[in-house]
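**Student:** Next comes the sequence, and after it the predicted model I'd like to discuss.
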Amino acid sequence: MSRIVGIDLGTSTSEIACIFDGTPKLIPNTRGHLVTPSVVHIGEDGGIVVGEDAAEYLFTRPDCTFMEIKRLTGSGERLRAHGKEYSPEEIQAMLLRYLVSCAETSLNETIDRAVITVPAYFTDVQRRATTKAGELAGLRVERIINEPTAAALDYGLSNLRECKNVLVYDLGGGTLDITVLELFEGVIDVKASRGNNRLGGKDFDEIIMHKLMEAELSSDILSGDISSGDILSQESPLSDKRALMRLKKAAEDCKISLSSHEEYRFSLPFLFSAGDGKPVSIERTVTRTEFDAWVREKVVSTKEPMMTALQDAKLSPEDLNVILLVGGSTRIPCVKALVAETLSAIPQSLVDPDLTVARGAAIQAGLLEGSLSEADLVLTDVCPYTLGIAALHRGVYDDRMIFDPIIPRNTTIPTERSKLYHPAVDYQTTARIEAYQGDSSNPENNERLGDVLLTGIPPARHGKEPIEVTFSYDINGILQVKAAVVSTGRAVSAEISTTGVKAMPVLDLRKWEKAEGAKRCRPLIRKAEKAIARGDDLSDDLQILIDQLKEALLLKNEEQAEEIRALLLGVLEELT
Ligand SMILES: Nc1ncnc2c1ncn2[C@@H]1O[C@H](COP(=O)(O)OP(=O)(O)OP(=O)(O)O)[C@@H](O)[C@H]1O
Ligand SMILES: [Mg+2]
């Protein structure tokens, strides 16, 4: 069998590695570098240039040069160059092809199998899209593994005798991943993962760009909302992509420099022309203190996933023995400080933040190809999301759609779970099974993943004909949904796919009283809770309504809160 390579396909940079003599080794690109910028340029003649060579075209031909494409993985967006359209996966495939060709040259052999890493918090759709990119590059994708898990494999291989609780904090160019795991003599047991697929160094660059421009121009020119993503793609008089590329490069240089210096001087003469045709230059100094204040909100937002991952792993910060910092953005002093403050421990440099993920991918490849022994290193991973379906709860007073979890978040994978449901209506012959991802009891507040339609259900009174719904989540993090009529065995199944699924926040219902409008609902909620405590018949109904009301308050969804409040009032009146 041929060799398997490990690839870290990053937002900003990508790396490729494989196992040599029992240890992971990074393979250099054509320029002799271990780290390759994730940039692809498509020439007029269709010729493809990747990496450092492509990065040079960002300034001269930004119209046909692509960067940070990972953000678009699975989005269905189309990219254009020379009048031709490309999917993000096709561009990713060009990047993969280049990395593999570097390895082929270096190893002097053909390579057609790979392990590719993805953020732990990547959704099912994004994982499928990554696999697709690998296939388009002519590779058999043997495994998709989570980036922080890869880092843990790398650490685990060099610390085989250790028994430790580890937190991996991975902040790269485009994504944040937090993973808590237990390392026990070579067994890596992932306990929990949380993250944000839209947070990374790229966002810090854009904040700097925005702040600089804000100072130069009137605010109406800059209508772009940083938090929504790419100001480069905003419609604005700043359509001069070359100028924006110069600005972006300077912003990134500034950010990187401020990791080791107290200030950075921008000198961007004649950057672009303002509306009146006058040239605008940027000459100013930015201090680390200023930068810290600009990015503070985003950096602090990484605290919640750290705490949630710890809670899900049933650990507190004191239980942690090792904190692994992964990704280029963990070099930022205020990021390190936040991790230290949140976990009450100073993270040490235990792995190479740039190379560890690719090394881990190579280790996984080695385990698969047999060049490393599975007896030494065993890995279990989790599904970071709660997955389930929308089901009708038939209350005594009222019927309500609820989200019914089938696979709770942080279940060890692969996993297959089934539950029985009944058609809600008499003589119903079809049922649409809608899959959702999230932690809200109200499906509306979760992300809809897709559906399968089960037909041919034998007509019967409601509640008589059970339907079995099975969710299978495989080792690559891909979900399959199956629905079957129990009595006849008739079944449908689908790989659930959708576009643009985003991570939903986990709400702490205990904090509902702090929400706006909570005061008005308090007496009602108290009354309902008392009824439940008395063991009232309608307890189930009441609990669903209480949870959904608290959630609506926390989500500031007034309309929803009002509707549920009225329902709750109705149920309570029924009781008296
Ligand atoms: N010294 C530094 N100080 C601050 N930021 C840095 C430093 N070095 C690199 N970065 C930033 O780190 C990011 C790239 O990190 P990395 O290569 O780990 O990301 P990636 O793997 O491409 O992204 P992701 O894992 O999110 O897909 C870029 O935003 C880069 O500007
Ligand atoms: Mg990375």
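**Tutor:** Cool, got the structure. Ligands and ions are numbered 1, 2, ... in the order given.
**Student:** Report the contact partners of the one residue in the chain that gets nearest to ligand 2.
**Tutor:** Across the chain, no residue is closer to ligand 2 than residue 172, which sits at 3.4 Å (Cβ to the ion). From N, CA and C alone the C-beta is placed, and that goes for glycine too. Going by Cβ atoms under 8 Å, 6 or more residues apart in numbering, residue 172 touches 10-12, 147, 200-201, 326-329.
**Student:** which ones among these come in contact with ligand 2?
**Tutor:** Filtering the contacts of residue 172 for proximity to ligand 2 by Cβ under 5 Å from the ion leaves residue 10.
**Student:** Rebuild the contacts of residue 172 as JSON lines, extending it with secondary structure.
**Tutor:** Output for the contacts of residue 172, formatted as JSON lines (DSSP: H, G, I helix; E, B strand; the rest coil):
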{"residue": "10", "secondary structure": "coil"}
{"residue": "11", "secondary structure": "coil"}
{"residue": "12", "secondary structure": "coil"}
{"residue": "147", "secondary structure": "helix"}
{"residue": "200", "secondary structure": "coil"}
{"residue": "201", "secondary structure": "helix"}
{"residue": "326", "secondary structure": "strand"}
{"residue": "327", "secondary structure": "coil"}
{"residue": "328", "secondary structure": "helix"}
{"residue": "329", "secondary structure": "helix"}
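**Student:** any chance of the contacts of residue 172 in JSON lines, plus neighbour count and distance to residue 546?
**Tutor:** JSON lines is the format used below for the contacts of residue 172 (neighbours: other Cβ atoms under 10 Å; distance: Cβ to Cβ, whole Å):
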{"residue": "10", "neighbour count": "28", "distance to residue 546": "44"}
{"residue": "11", "neighbour count": "22", "distance to residue 546": "41"}
{"residue": "12", "neighbour count": "22", "distance to residue 546": "45"}
{"residue": "147", "neighbour count": "30", "distance to residue 546": "39"}
{"residue": "200", "neighbour count": "27", "distance to residue 546": "38"}
{"residue": "201", "neighbour count": "25", "distance to residue 546": "42"}
{"residue": "326", "neighbour count": "29", "distance to residue 546": "40"}
{"residue": "327", "neighbour count": "30", "distance to residue 546": "40"}
{"residue": "328", "neighbour count": "21", "distance to residue 546": "45"}
{"residue": "329", "neighbour count": "30", "distance to residue 546": "40"}
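**Student:** And the contacts of residue 172, which two are furthest apart?
**Tutor:** In the contacts of residue 172, the most distant members under the criterion Cβ to Cβ are 147 and 201, with 14.6 Å between them.
**Student:** helix/strand/coil for residue 16?
**Tutor:** Per three-state DSSP, residue 16 ends up strand.
**Student:** which ones are touching the closest residue to the residue of the chain closest to ligand 2 other than its chain neighbours?
**Tutor:** In this structure, residue 172 finds its nearest non-sequential neighbour in residue 327, 3.7 Å apart by Cβ to Cβ, 6 or more residues apart in numbering. By Cβ under 8 Å, 6+ apart, residue 327 lies in contact with 170-173, 200-201, 353.
**Student:** ditto for residue 417
**Tutor:** Counting by Cβ under 8 Å, 6+ apart, residue 417 makes contact with 406-407, 411, 470-471.
**Student:** Could you do residue 421 as well?
**Tutor:** 389, 391, 431, 466-469 are the contacts of residue 421 under Cβ under 8 Å, 6+ apart.
**Student:** Determine which two of these are furthest apart.
**Tutor:** 389 and 466 (14.4 Å).
**Student:** Looking at these two now, which is surrounded by more residues?
**Tutor:** Taking neighbours as other Cβ atoms under 10 Å, residue 389 and residue 466 compare with residue 389 leading, 24 against 15.
**Student:** residue ranges with poor pLDDT in the chain?
**Tutor:** 217-239, 275, 395-398, 496-506 (pLDDT under 70).
**Student:** need the next SSE after the top helix by length along it, C-terminal direction.
**Tutor:** The longest helix of the chain (DSSP state H) is helix 88-107. Next helix or strand after helix 88-107 toward the C-terminus (DSSP states H and E): strand 113-118.
**Student:** which helices and strands sit right next to that next one?
**Tutor:** In terms of contacts (3 or more Cβ pairs under 8 Å, 6 or more residues apart in numbering; DSSP states H and E), strand 113-118 is packed against strand 4-9, helix 88-107, helix 124-136, strand 140-146, helix 147-158, helix 356-369.
**Student:** can you do 10 Å?
**Tutor:** In terms of contacts (3 or more Cβ pairs under 10 Å, 6 or more residues apart in numbering; DSSP states H and E), strand 113-118 is packed against strand 4-9, strand 13-20, helix 88-107, helix 124-136, strand 140-146, helix 147-158, helix 356-369.
**Student:** Out of the ones you listed, the one nearest residue 437 is which?
**Tutor:** Comparing the helices and strands packed on strand 113-118 under Cβ to Cβ, the one sitting nearest is helix 124-136, at 8.1 Å.
**Student:** now check the closest one, is it near ligand 1?
**Tutor:** No: for helix 124-136, no contact with ligand 1 is found by Cβ under 6 Å from any ligand atom; the gap never falls below 11.0 Å.
**Student:** That helix vs strand 140-146, what angle?
**Tutor:** If you take axes from the mean of the first three to the mean of the last three Cα atoms, to 10 degrees, helix 124-136 sits at 150 degrees to strand 140-146.
**Student:** Give the buried residues for helix 124-136.
**Tutor:** 124-134, 136 (16 or more other Cβ atoms under 10 Å).
**Student:** At the contact with ligand 1, which residues of this protein appear?
**Tutor:** Proximity of the chain to ligand 1, by Cβ under 6 Å from any ligand atom, involves residues 10-13, 38, 70, 147, 172-175, 200-202, 252, 255-256, 259, 327-329, 331-332, 354.
**Student:** redo that, cut-off 8 Å
**Tutor:** Residues of the chain lying near ligand 1 by Cβ under 8 Å from any ligand atom: 8-14, 35, 38, 70, 119, 147, 170-177, 200-202, 204-205, 252, 255-256, 258-260, 326-329, 331-332, 353-354, 357.
**Student:** PyMOL command to pick out the buried ones of those?
**Tutor:** Only the buried entries of the residues of the chain next to ligand 1 go into this PyMOL selection, using 16+ other Cβ under 10 Å:
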select buried, resi 8+9+10+11+12+13+14+35+38+70+119+147+170+171+172+173+174+175+176+177+200+201+202+204+205+252+255+256+258+259+326+327+328+329+331+332+353+354+357
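**Student:** circling back: between the contacts of residue 417, identify the one with the most neighbours.
**Tutor:** With neighbours taken as other Cβ under 10 Å, the top of those is residue 471, carrying 23 neighbours.
**Student:** Tell me the spacing between it and residue 444.
**Tutor:** Going from residue 471 to residue 444 by Cβ to Cβ, to the nearest Å gives 20 Å.
**Student:** returning to that earlier point: for the contacts of residue 327, work out which two are farthest apart.
**Tutor:** Going by Cβ to Cβ, the pair spanning the contacts of residue 327 furthest: 200 and 353, at 13.0 Å.
**Student:** who touches both of the two?
**Tutor:** Counting by Cβ atoms under 10 Å, 6 or more residues apart in numbering, the shared contacts of residue 200 and residue 353 are 170-172, 327-329.
**Student:** quick one: which of the residues you listed is nearest to residue 46?
**Tutor:** residue 172 (30.4 Å).
**Student:** Tell me where this structure has helices.
**Tutor:** Under DSSP H, the chain gives helices at 52-60, 88-107, 124-136, 147-158, 201-216, 241-258, 288-300, 303-312, 333-343, 356-369, 518-533, 539-554, 558-575.
**Student:** between the shortest one and helix 241-258, how many degrees?
**Tutor:** Yep, that's helix 52-60 we're talking about. Using the same axes, to 10 degrees: helix 52-60 against helix 241-258 is 120 degrees.
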